[in-house]
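A.B. asks: can't give you the sequence, but here's the structure:
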């Protein structure tokens, strides 16, 4: 599992960043926490994208993960970071598995819009229900780690980086297995895959569930790093759009790409917000257009170009 | 992955780690970058968040920001009327950082952390949305950052937990709604039933709760509709809600809508004759008075969340006249409530800085503002609730009328209620206070 270059690189890079984070000022650590949390969801979307499926509704799972953390905190007082993370991933994963029975039958625009529809149902429910915090959402208490409440955010950053690293290595491994390799095969020709003896529906269902688990975990980690959840920032379709945006920004080339892409997005947004408080959306939009027009392969393709020969497909 | 790519990635990671290790807290550099160069002496940075994008920007966010800018500028130059005619904030010149409040509470939490930890601002003064304030109060406490909320209204902020670093320089939603209820009782004693339309978040929920509870106390014979509308904030379309309310037997419609939502509701409601059939009570209607002109129906009970905007246009104190005239010269319209409220919050920051001495810490600033009473542009502000962190002021209502001669809206039958009449005493929650028959109210 660890003998390819990507995994080795992830291990070393993750550890180096954890070391570096110990000395970094808070705001930089924050950027990494937000970026890497979100990267988990992007990782899942990347798996779907390689299969030729784009979901405009993964904020559903992202939000489920985040709200699982919030509700556990408020109703049961659960503060342990691992319990929260597992709960978020589990709730979203279960939902993803169930919804997957429907989703695996749809492709293209129908797949994208059906996902949006489901996420907006959740959005509507949360916004209308005062017990779920309606538009205000909830504040979340600081996470504890195995019973210890940390003084700074650094331990959480370490955990997020480690979780991201492990998830990326696992997804990388999965993509190399036979079932994982079906991603591009399904995108290219579903009928041939069926004739090879694999069930396309099963393969898509599995990938969909994986992406839901990852998005749920991402939502849980995001909720913990921010200390706040609300439907506008966690479940609305704009969040789904944001996730797709980062997926395209990152490029589908490698499991490392989502981490770089999310980080770039986070920094870009912070500075756009800082430099142009009235027109920050314009900067984000212009970036998006630039990427679609000039670098459709995302940041990853640029890195590949700088690094020399293009990856053989 | 080939070797070249690994090399590029390795360089990226090394670069990121090096960046982590070498970047210092950017405070000093930032201050130099944003402050005017010519001035000598100390510099401070004040972050002012307000809605700069989205539906709330035009009617609410931009006037608020304008009010803040105008007052900061006047303070820097020492041009405010006495007794605030000393130059600067405790002598220091302030540079103002504009910030967009849109995008939801969670985004605001992230941006607030950036403000404090990355941009190292000295004070944060602003926020319009109750949702944002509620989310940020615990964060401000966690980061120990001196913060003044300018406009947001939910009473929960100081009733849920004691605060050390967070202040609010205007009354909260309870005052708006108890005053509205009293005004209704005096001017529409025959009112039999009332309904409402509120945004479904802290502000709307609290506003309705307080209005409803107060009327149950003071007009027990009127009946609340069991079909109160709670659409989502920034929804913009209220056709079905307006139809439902038109069919309701209630003869009064209360709404705590504000900003773009309010204007959309007025347009859509007026077109369907809602305000011809029922009396409208708009607790944040003041902003619409100047913007909508003739399109604002006559006979609406209009509030401005306190003695601000159109309700105080003819108060002739020096401070108020300075505020109105300067604003009109700069921006071409009369100042509405949000402009006053942001100006008032900035003024409170100046008072805190003047009192706290040079180069004050957040603790010293908080200590300086806690529990004081000061004369603001249009009214007297007493920081008397929430352990000296929550202001009370008088609150008033009037009835709209279009003045054909001058081509603008005016308000008639304006009445103000003193703070002690419409706000609970310190330590008593709004809901218990109203339910308990508003004990200790001095009207």
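C.D. replies: Nice, I can see it. Please read all numbers here as calculations on a predicted model, not as lab measurements.
A.B. asks: ok, the one residue in the stretch 51-200 of chain A that gets nearest to chain B - contacts?
C.D. replies: Residue of the stretch 51-200 of chain A nearest chain B, by Cβ to the nearest Cβ: residue A:135 (3.7 Å). The C-beta positions use only the backbone N, C-alpha and C, and glycine is treated the same way. Residue A:135 is in contact with A:127, A:230, A:231, A:232, B:131, B:199, B:200, B:201, B:232, B:233, counting by Cβ atoms under 8 Å, 6 or more residues apart in numbering or on different chains.
A.B. asks: what about the residue of the stretch 251-400 of chain B found nearest chain A, neighbour count?
C.D. replies: Taking Cβ to the nearest Cβ as the measure, the point where the stretch 251-400 of chain B comes nearest chain A is residue B:261, at 12.0 Å. Neighbour count for residue B:261, taken as other Cβ atoms under 10 Å in any protein chain shown: 26.
A.B. asks: for whichever strand or helix holds it, packing partners?
C.D. replies: In this assignment (DSSP states H and E), residue B:261 forms part of helix B:259-271. Secondary-structure packing of helix B:259-271 (3 or more Cβ pairs under 8 Å, 6 or more residues apart in numbering or on different chains; DSSP states H and E): helix B:239-247, strand B:252-255, strand B:279-282, helix B:286-292.
A.B. asks: rebuild the ones you listed as CSV, extending it with mean pLDDT, distance to chain A and mean neighbour count.
C.D. replies: Listed next are the helices and strands packed on helix B:259-271 as CSV, based on pLDDT from 0 to 100; distance: least, Cβ to the nearest Cβ, whole Å; neighbours: other Cβ atoms under 10 Å in any protein chain shown:
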stretch, mean pLDDT, distance to chain A, mean neighbour count
helix B:239-247, 93, 13, 15
strand B:252-255, 95, 16, 26
strand B:279-282, 94, 20, 24
helix B:286-292, 89, 19, 24
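A.B. asks: could you find the residue in the stretch 201-350 of chain B that comes nearest to chain A?
C.D. replies: residue B:201 (3.7 Å).
A.B. asks: check contacts around that residue.
C.D. replies: A:134, A:135, A:136, B:130, B:131, B:233.
A.B. asks: the nearest residue to it once chain neighbours are set aside and residue B:400, how far apart?
C.D. replies: The shortest distance from residue B:201 to any non-neighbouring residue, by Cβ to Cβ, 6 or more residues apart in numbering or on different chains, is to residue A:135 (3.7 Å). Plainly put, residue A:135 is 29 Å away from residue B:400 if you go by Cβ to Cβ, to the nearest Å.
A.B. asks: same check on residue A:281?
C.D. replies: With Cβ to Cβ as the criterion, residue A:281 and residue B:400 are 35 Å apart.
A.B. asks: didn't residue B:46 look like it was pressed against residue B:121?
C.D. replies: Yes: applying Cβ atoms under 8 Å, one finds residue B:46 in contact with residue B:121, separated by 6.7 Å.
A.B. asks: which of these two has more residues huddled nearby?
C.D. replies: residue B:121 (27 against 24).
A.B. asks: identify the residue nearest the geometric centre of the chain.
C.D. replies: Went with chain A since none was named. residue A:41 (1.2 Å; Cα atoms, centre = their mean).
A.B. asks: try again with chain B
C.D. replies: Mean-position check on chain B, Cα atoms, centre = their mean. Result residue B:151 at 1.2 Å.
A.B. asks: sec struct for that one, please.
C.D. replies: The local conformation at residue B:151, judged by DSSP: H, G, I helix; E, B strand; the rest coil, is coil.
A.B. asks: which residues touch it?
C.D. replies: B:60, B:64, B:126, B:127, B:128, B:170, B:305, B:337, B:338, B:341, B:342, B:345.
A.B. asks: can you map out the strands along the stretch 51-200 of chain A?
C.D. replies: A:138-139 (DSSP state E, counting those that start in this stretch).
A.B. asks: low-confidence stretches in it?
C.D. replies: Judged by pLDDT under 70, the stretch 51-200 of chain A has no weakly predicted residues.
A.B. asks: change it to 80
C.D. replies: A:128, A:130, A:133-137, A:147, A:151, A:180 (pLDDT under 80).
A.B. asks: the stretch 201-350 of chain B now?
C.D. replies: Looking at the stretch 201-350 of chain B by pLDDT under 80, you get an empty list.
A.B. asks: which bits of it sit near chain A?
C.D. replies: B:201, B:202, B:205, B:230, B:232, B:233 (Cβ under 8 Å from any Cβ of the partner chain).
A.B. asks: return the backbone torsion pair for the fifth one.
C.D. replies: Here the main-chain torsion angles of residue B:232 (degrees, to the nearest 10) amount to phi -70, psi 150.
A.B. asks: run a quick neighbour tally on it.
C.D. replies: That count, for residue B:232 with other Cβ under 10 Å as the rule, works out to 19.
A.B. asks: ok, it to residue A:221 distance?
C.D. replies: In terms of Cβ to Cβ, residue B:232 sits 27 Å off from residue A:221.
A.B. asks: now do the third one
C.D. replies: From residue B:205 over to residue A:221 the distance is 30 Å, taken as Cβ to Cβ.
A.B. asks: residue contacts, residue B:231?
C.D. replies: B:197, B:199, B:200, B:238, B:241.
A.B. asks: wait, the fourth one sits on residue B:266?
C.D. replies: No: at 10.0 Å, residue B:238 and residue B:266 do not qualify as touching, with contact defined as Cβ under 8 Å.
A.B. asks: need the helices for the stretch 1-150 of chain A, in chain order.
C.D. replies: With helices called from DSSP state H, counting those that start in this stretch, the stretch 1-150 of chain A shows them at A:5-21, A:26-50, A:59-71, A:81-103, A:108-128.
A.B. asks: against chain A, how distant is the residue nearest to the centre of chain B?
C.D. replies: Per Cβ to the nearest Cβ, to the nearest Å, residue B:151 is found 16 Å from chain A.
A.B. asks: what pLDDT does that residue get?
C.D. replies: Predicted confidence (pLDDT) for residue B:151: 91.
A.B. asks: look up phi and psi at it.
C.D. replies: According to degrees, to the nearest 10, residue B:151 has phi -120, psi -30.
A.B. asks: surely residue B:326 and residue B:73 touch.
C.D. replies: No: counting by Cβ under 8 Å, residue B:326 sits too far from residue B:73 to count as a contact (9.4 Å).
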